[in-house]
Structure formats: C-alpha cells, structure tokens
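J.: Provide a 3D model corresponding to the input given below.
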Amino acid sequence: MKRSTALRKAIMERRAVAVVGCHDAFSATIIEKCGFEAIQISGYGIAASVLGKPDVGLMQMKDVLDMTWNIASAVSIPVMADVDTGGGNAVNAMWITERLVAMGVAGMNIEDQVFPKRCGHMAGKEVIPAEEMAGKVRACAAARNRLDPDFIINARTDVFAIGGLAEAIRRCNMYLEAGADLAFIDGIRTKADVERAVAAVNGPLSVNLMDAISGMKTELIPLPELARMGVGRVSIPVASIHVVHKALLNFFTALKNSPTGILPGQTQWVTSFEEYTDAVGLKEYRALENEFLPKTRLDAKYQGIDKIVG
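T.: Have a look, this model is predicted:
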C-alpha cells in the first residue's frame with residue numbers, strides 16, 4: 001500500500017493514530033523499529049538538530065526539504081513533513097506541496113502563523129487572516145488532487161492562544177472546507193477543550209501530546225481516551241530532541257566531572273558498537289559489498305577479516 005494511502009486510512013478511522021516526531025533520519029529509523037505506524041518530522045527538533053537554535057522560523061525551506069528527503073528515504077512507514085507557514089504565500093505553499101509529493105512524503109503540516117513563526121507552545125504568536133490561510137490550503141489541495149489524492153494536508157491554527165477555542169474551531173472548519181484533510185488546534189489546553197473541538201470540527205482533529213515534558217500547554221490524555229473521542233491523529237512531536245538533549249547533557253556532564261576523564265565500565269550511558277552499527281545497517285552495507293565488489297577488491301580491503309556478513 002502506498003504510504004499516503006496507509007496514513008489516510010489510519011487517520012480517517014479516527015482511532016487517535018500516534019504519529020511520533022523525529023528530528024533527523026536516525027531518530028526516524030529508531031521510531032520505525034519501535035513499531036510506530038507513522039512519523040511526524042518536527043520542525044522544532046530540526047531547528048535544534050541542524051542549527052542549535054529555537055523554533056522561531058530560522059530554518060531555510062531548502063534545508064527543511066533536504067532533511068525531509070533524508071528522513072522519508074530512511075524509513076518505510078508514512079512520514080508527515082512540517083513546512084511551517086508554507087514558505088511564503090499560497091503559490092509558494094503549492095510548490096512545496098508538489099515537492100513533498102514527489103519525495104513520497106505522506107502528508108504535511110501547514111500553519112496560519114505570521115512568518116517568522118514559532119513553536120506553538122511559545123508566547124508571542126501572531127496569525128494571518130483566516131481567508132489568507134484558506135487560500136494556502138486551497139493551493140495545497142489543488143496540488144494534492146493533481147498528484148496524489150491520498151496525500152494528507154494537516155491545517156494547523158495557532159489562534160487558540162490569542163483568540164480562544166471558538167475562533168480556533170471556526171478556522172479549522174474554514175480550512176477543512178478549503179480542502180484540508182485534518183485540522184489541528186495547537187496549544188489547546190484541556191480534555192474538555194478537545195472534546196468540544198472534536199464535536200464541532202467538521203473533519204478529523206489532530207492533537208499534540210508531549211509525554212513527561214514540562215512547560216507544555218496541552219493536558220496529557222491517554223490515547224485510548226482520545227480514540228474514544230474520535231480524534232484522528234495524535235502527534236508526539238518534540239520527544240526525540242528532548243530525549244537526545246537529556247542524554248547528551250547527562251553523559252557529557254558525567255564525563256567532564258570524572259576525575260580520570262573517562263567512564264570505565266559505565267555502559268549504561270551508551271549502546272555497544274555492534275548495537276549501533278546494526279541500527280544503522282552496517283551488515284546490510286557489507287552484504288552489498290560482498291554481492292557487488294570484485295573478490296580481489298574485497299580481499300585487499302578487508303584482508304580476509306570481517307568480510308562475510310552473518
């Protein structure tokens with residue numbers, strides 16, 4: 001089944017399918033190996049991973065597309081891209097949609113913030129007129145309908161923080177009418193807010209959850225409860241970069257504080273060399289060498305050591 005078709009089927013079943021956020025191709029492969037159905041590329045995570053900066057609109061769209069290509073190529077499950085405000089106006093957003101479909105990406109998020117945008121859980125957000133965002137959605141939908149009708153357009157509104165739930169619901173319905181497949185109210189607060197939105201929005205609703213991460217605004221609700229409400233998708237977008245930040249900070253703090261400058265025997269900090277090389281596919285790479293490189297070249301390269309996989 002085509003990846004966009006699989007994603008559309010899962011979302012339209014309204015069973016709160018978990019779409020877990022990654023910040024690079026490596027984190028995407030780990031998410032897939034852990035058994036998740038789909039991946040959300042985290043613009044928040046990419047900004048940190050590529051630039052070491054906050055999610056405040058500093059990433060260039062070309063760099064976002066390059067990262068998206070790498071991630072989509074690294075996994076076999078559906079991938080949703082994060083294109084922030086769409087790279088400009090409606091025409092720019094249409095062009096971005098065409099590029100994503102060509103990459104084999106299954107869907108995308110596009111939001112109604114003023115550029116430069118910022119993470120939905122940060123203060124200081126501004127939104128464009130709803131009619132302007134609806135035009136962007138129509139342009140993206142025109143590209144989707146022409147190239148891949150199953151490609152998912154997730155229209156995000158950030159108006160909740162500054163205009164309240166009723167305005168957020170109004171915008172969601174406007175964007176769905178314009179051709180979005182999924183609507184997302186970022187920064188929504190409570191379970192009651194989510195229940196009201198599910199009932200009032202004329203299409204599947206997406207909800208963000210950030211398990212065990214302090215400072216986030218949305219109440220943590222178990223996925224089975226969200227499925228009972230009829231939520232279409234649950235994004236867990238920033239966990240991967242927060243996990244990496246914590247792990248790196250703890251390890252390098254311990255290393256710096258070690259009186260010997262090393263951590264002998266403290267294997268709890270890291271995976272083994274073999275575990276890591278297995279995770280990134282070294283055995284498969286070696287198998288390709290064995291299949292396609294001349295035997296004389298292999299003998300010279302490995303001198304009979306570690307040449308055969310298995």
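J.: how far away is the closest residue to residue 59 other than its chain neighbours from residue 198?
T.: Excluding the flanking residues, the one nearest residue 59 by C-beta to C-beta, 6 or more residues apart in numbering is residue 47, at 5.4 Å. Using the backbone N, CA and C atoms, a C-beta is placed for each residue, glycine as well. Residue 47 sits 30 Å away from residue 198, taking C-beta to C-beta, to the nearest Å as the criterion.
J.: and residue 134, what element?
T.: Using DSSP states H and E, the element containing residue 134 is helix 130-147.
J.: again but with residue 184, I slipped
T.: Assessed by DSSP H and E, residue 184 sits inside strand 182-185.
J.: next secondary structure after that strand?
T.: helix 191-200.
J.: what's near enough to touch residue 151?
T.: For residue 151, the contacting residues are 4, 97, 100-101, 105-108, 144, by C-beta atoms under 8 Å, 6 or more residues apart in numbering.
J.: need the pLDDT of it.
T.: On pLDDT, residue 151 comes in at 98.
J.: buried ones among the contacts of residue 151?
T.: 4, 97, 100-101, 105-108, 144 (16 or more other C-beta atoms under 10 Å).
J.: ok, those residues vs residue 258, which is closest?
T.: residue 105 (43.6 Å; C-beta to C-beta).
J.: going along the chain, name the helices of the stretch 101-250 of the chain.
T.: 130-147, 160-178, 191-200, 223-229, 239-257 (DSSP state H, counting those that start in this stretch).
J.: residues in contact with the helix holding residue 134?
T.: Under C-beta under 8 Å, 6+ apart, the answer for helix 130-147 is 86, 89-91, 93-94, 96-98, 101-102, 108, 110, 112, 127, 151, 153, 155, 157, 170-171, 174-175, 177-180.
J.: quick one: average pLDDT of that helix?
T.: Rounded mean pLDDT across helix 130-147 is 98.
J.: circling back to that earlier point, put the buried members of the contacts of helix 130-147 into a PyMOL selection.
T.: A single PyMOL command selects the buried members of these (16+ other C-beta under 10 Å):
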select buried, resi 86+90+93+94+96+97+98+101+108+110+112+127+151+153+155+157+170+171+174+175+178+179+180
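J.: where in the stretch 1-150 of the chain is pLDDT low?
T.: Applying pLDDT under 70 to the stretch 1-150 of the chain flags the ranges 119-122.
J.: report pLDDT for the closest residue in space to residue 203 that isn't next to it in sequence.
T.: In space, and not counting its chain neighbours, residue 203 is closest to residue 176: 4.2 Å by C-beta to C-beta, 6+ apart. pLDDT for residue 176: 98.
J.: what's around residue 176, how many residues?
T.: Neighbour count for residue 176, taken as other C-beta atoms under 10 Å: 21.
J.: for the spatially closest residue to residue 65 that is not a sequence neighbour, which three-state class applies?
T.: Distances taken as C-beta to C-beta, 6+ apart put residue 99 closest to residue 65, at 5.8 Å, once the chain neighbours are dropped. Following DSSP: H, G, I helix; E, B strand; the rest coil, residue 99 is assigned to helix.
J.: thinking residue 99 is in contact with residue 64, fair?
T.: No. With contact defined as C-beta atoms under 8 Å, residue 99 does not reach residue 64; the gap is 10.1 Å.
J.: please identify which of those two sits among more neighbours.
T.: Neighbours were counted for residue 99 and for residue 64 using other C-beta under 10 Å; residue 64 has more, 21 against 18.
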